[in-house]
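Sequence and predicted structure are below.
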Amino acid sequence: MYPPKLQIQLFHLDKPILLGLFILACFGLIILYSAAGQDLDIVFRQAVHVGMGFGVLVLLAQLRLQQMIRWIPWLYVGGVLLLMLVLIIGDISKGSQRWLDFGVVRFQPSEMMKIIVPLMVTWYLSDRPLPPNFTRVIVSTLIVVVPVLLIAKQPDLGTALLIGSSGMFVLFLAGLSWKIIFSVIAAMPVVGWLLWHVMHDYQRQRVLTLLDPENDPLGTGYHIIQSIIAIGSGGMYGKGWLNGTQSHLEFLPERTTDFIFAVYSEEFGLLGIILLLIVYLFIITRGIILASRAQGTFARLFSGGLIFTFFVYIFVNMGMVMGILPVVGLPLPLISYGGTSVVTLMAGFGLLMAVNSQRHLSYN
C-alpha cells in the first residue's frame, strides 16, 4: 500500500489545487443548502456533480500530452457540430435554447467549449513560429468566432463573451503584436455600436439596467437591486448561515445559480467574502505557478489561458451580482448549482495537472 503522498504523485494530482477545489466545493454545498431553502435533494444532486467532476479531473490528469494534442481538432469539430445541433433540436428554457437532452443525459455543449476553444487555439499556434503573423491571427480569430456566434445565437451572450475572451487571451500570450492590440482597442467604439444593433431587446435592457437599475425597480432592475440589498445587509460578519432574509423570503431570484454569491454575502458578510476570495486567489496563484513551470509552447499557452478563464468566471459573476457589470448569466465556479459547468471546470484543472506532471517534457 502506497503512502498518501506517493499515491497523489502517481495519479499526477497537484495537492494545493486539489485542496483549493475541495474547499470551494464544500463552501458551495453549504451555501446551496441555505439558498435552496434547506432542500437536501438539490444538495445531493450537486454533490453527485462534484463527485463526477473530481472523477473526470483524476482521469484527465493521467493523459499524456501527445494523446491530448491528437484529439483536440476532433473535439473542436465535435463541439461545433453539437452547438449546431442545439440550434436545431435543443431544449428551450427561459427563452434560451442551450441544452441537449438525450434522455439519459442532459448537458450544455457551450460549457465544454470553454475548455475546447482555448485548447484549439493553443493547438493551432503551438507548432508554428511565434509571435503569430497576420494570417495566423486571422485563422485563430476564426477558430474563436465560429463557436462564439453559434452560442450567441442560442442566445447566451455571457458564455459567448467568456469563450471569446479565453480564446483571444491565448492569442495574446502567444505574442500578439501591440499594433494589432491597439488597433482592436481603437475599433471598440465601432464594434460596440454594431454589437448594440444586433443585440436582442432584453440584452440591451440589461446594459441600460446596469447604468440605472432604479429606472425600473420592479421589472428589469429587480434582480440587481435585490442582490445589492442582500450583499449590503450582510455587513461585516453576516446574518449567519440559514438566516439570510433576502433568499429565504424569496426576494432574491436565481439564488441557487447566478446570484448565489448574494446569498453567501448576506449570510457570511465581508469576512466570508474575503475568505472566499482568498481560496480563489490561492487556486489562481497556484495555477500561475504551474503555468510558469510548463515546458513547451503548447503547455504554457493552454495553462495561461485556462487560469485566465477561471479568473474571468469569478470576476464576471461577482461583478454582475454587485451591479458593476451587466447580468450575463455566468455561474460562480463550484459555488453555483450546475452539472455541466462543474464537470467542465474540473476537466480543465485535470488537463492543467496533466500538463504540469509532464513539465520535464517539451512539446512545441
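Alright, I've got the coordinates. Residues are numbered from 1 along each chain as shown.

max-length strand in the protein?
Taking DSSP state E as the criterion, the chain has its longest strand at strand 96-101.

Next secondary structure after that one?
As assigned by DSSP states H and E, the chain's next helix or strand after strand 96-101 is strand 106-107.

Just want the most central residue of this structure.
The geometric centre of the chain, computed from its C-alpha atoms, lies nearest to Y313 (C-alpha atoms, centre = their mean), at 4.2 Å.

Please tell me how far it sits from R293.
23 Å (C-beta to C-beta, to the nearest Å). (Each C-beta comes from the backbone N, C-alpha and C, glycine too.)

what's the answer for S341, then?
28 Å.

So which bits of the longest helix seen in the chain are buried?
The longest helix of the chain (DSSP state H) is helix 260-293. Neighbour counts over helix 260-293 (16 or more other C-beta atoms under 10 Å) mark 260-269, 272-273, 276, 279-280, 282-284, 286-287, 290-291 as buried.

How about stretch 132-151?
Neighbour count says stretch 132-151 has P132, R136, V137, S140, T141, I143, V144, V146, P147, V148, L150, I151 buried, by 16+ other C-beta under 10 Å.

just checking, the second one touches D127?
No - under the contact definition of C-beta atoms under 8 Å, R136 does not touch D127, with a separation of 11.1 Å.

Where does the closest residue to I180 other than its chain neighbours sit, in terms of helix or strand?
Here the nearest residue to I180 in space, its sequence neighbours aside, is V137; by C-beta to C-beta, 6 or more residues apart in numbering that works out to 6.4 Å. In the assignment (DSSP H and E), V137 maps to helix 134-152.

sorry, back to before: so what does the helix or strand hosting the residue nearest to the centre of the chain touch, helix or strand wise?
Using DSSP H and E, Y313 maps to helix 297-321. With contacts taken as 3 or more C-beta pairs under 8 Å, 6 or more residues apart in numbering; DSSP states H and E, helix 297-321 sits against helix 65-89, helix 109-126, helix 157-173, helix 260-293, helix 340-357.

mind running it again at 6 Å?
Judged by 3 or more C-beta pairs under 6 Å, 6 or more residues apart in numbering; DSSP states H and E, the packing partners of helix 297-321 are helix 109-126, helix 157-173, helix 260-293, helix 340-357.

before we move on, back to that, who does the longest strand of the chain touch, helix- and strand-wise?
Strand 96-101 packs on no helix or strand, going by 3+ C-beta pairs under 6 Å, 6+ apart.

let's go with 10 Å and repeat that
helix 65-89, strand 91-93, strand 106-107, helix 109-126 (3 or more C-beta pairs under 10 Å, 6 or more residues apart in numbering; DSSP states H and E).

Residues touching that strand, excluding its own?
82-83, 85-93, 106-111, 151, 153-156, 159, 329, 340 (C-beta atoms under 10 Å, 6 or more residues apart in numbering).

Now with 6 Å, please.
V86, G90, D91, R106, Q108, Q154, D156 (C-beta atoms under 6 Å, 6 or more residues apart in numbering).

Mind listing the residues bridging to the third one?
Going back to what we said before, that points to D91. W99 (DSSP bridges).

could you point out which element follows the worst-scoring helix or strand of the chain on mean pLDDT?
In the chain, no helix or strand scores lower on mean pLDDT, DSSP states H and E than helix 4-10, which sits at a mean of 50. Reading on from helix 4-10 to the C-terminus, the next helix or strand found by DSSP H and E is helix 15-35.
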